[in-house]
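A.B. asks: Please find the sequence and the predicted model below.
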Amino acid sequence: MKALFVGIAMASALTAQNAPPQQPQSDGPSLQDTMKFLQDKIAGKVNYVVYWHNSITGADGTPAKSSIVLDNVSADAEHCSIRYHFRNSLVDLYDVMYLKDVREIVFIPLDQSMQQLRAKAGHPEESAKVDPPIFVVNVNSEGKHPLLFSFYDENMSQRVANALQHAVDLCGGGSKEPF
């Protein structure tokens, strides 16, 4: 009888080692509820004007009227993906974002995001002012250009950033760097 018990215990231990990893228990809403929230909240259009200034020459650029539109949003909890149509003055794109490929989610005012892009391009002297203020959730995914979810409401953009991070965590995405 003792040998039978030891055999069963060893078989159970071996089976446990070969079992697929279990999804970590998560605090907070389910993936389905989170994806429904994201689908309902991220679609929309923001209109704004950008005012550029060069701090070296003192010159101001011509104000530029622009908009960002995100529509046809479909969040799929089963496949951990969000399909969307994104367009602005430069891009008109139908695409899908797989949450397992998301590496970073950054909440930032649009004018700060624009200034960072100009500085990275070698023009730190150029500053932008966006009117009215627009807040973006900048999603950086492996192998793709960043995606912007844009809002007039700072609180809503922060809620979307939090929900998106929660969904990414549940789907196994996020930064693979230890620090």
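C.D. replies: That came through, no problem. Small disclaimer: the values here were computed from a predicted structure and weren't measured.
A.B. asks: who's in contact with the residue nearest to V69 when sequence neighbours are not counted?
C.D. replies: Using Cβ to Cβ, 6 or more residues apart in numbering and skipping residues adjacent in sequence, the residue nearest V69 is K45, 4.6 Å away. (Each C-beta comes from the backbone N, C-alpha and C, glycine too.) K45 makes contacts with 67-71, as judged by Cβ atoms under 8 Å, 6 or more residues apart in numbering.
A.B. asks: now D71
C.D. replies: Applying Cβ under 8 Å, 6+ apart, we find D71 in contact with 43-45, 84-85.
A.B. asks: Pull out the buried residues from the longest strand belonging to the chain.
C.D. replies: Within the chain, and with DSSP state E defining each element, the longest strand by residue count is strand 64-76. Using 16 or more other Cβ atoms under 10 Å as the burial criterion, the residues of strand 64-76 that qualify are 68-70, 73, 75.
A.B. asks: where's the residue nearest the centre of the chain, which helix or strand?
C.D. replies: The geometric centre of the chain, computed from its C-alpha atoms, lies nearest to V139 (Cα atoms, centre = their mean), at 3.1 Å. Per DSSP states H and E, V139 falls inside strand 135-141.
A.B. asks: Which elements pack onto the helix or strand that comes right after that strand?
C.D. replies: Moving toward the C-terminus from strand 135-141, the next helix or strand (DSSP H and E) is strand 147-151. Contact here means 3 or more Cβ pairs under 8 Å, 6 or more residues apart in numbering; DSSP states H and E; on that basis strand 147-151 packs against strand 44-54, strand 64-76, strand 81-87, helix 110-120, strand 135-141, helix 154-170.
A.B. asks: what does the average pLDDT come to for strand 147-151?
C.D. replies: Predicted confidence along strand 147-151 averages 92 (mean pLDDT).
A.B. asks: do stretch 73-90 as well
C.D. replies: In this model, stretch 73-90 has a mean pLDDT of 95.
A.B. asks: And for it, what's in contact with it?
C.D. replies: With Cβ under 8 Å, 6+ apart as the contact definition, stretch 73-90 has outside contacts at 31-32, 34-36, 38-39, 42-43, 66-72, 92-100, 147-148, 167, 170-173.
A.B. asks: Pull out the buried members of those.
C.D. replies: Neighbour counting with 16+ other Cβ under 10 Å marks 31, 34-35, 38-39, 42-43, 68-70, 97-99, 147-148, 167, 170-171, 173 as buried within the contacts of stretch 73-90.
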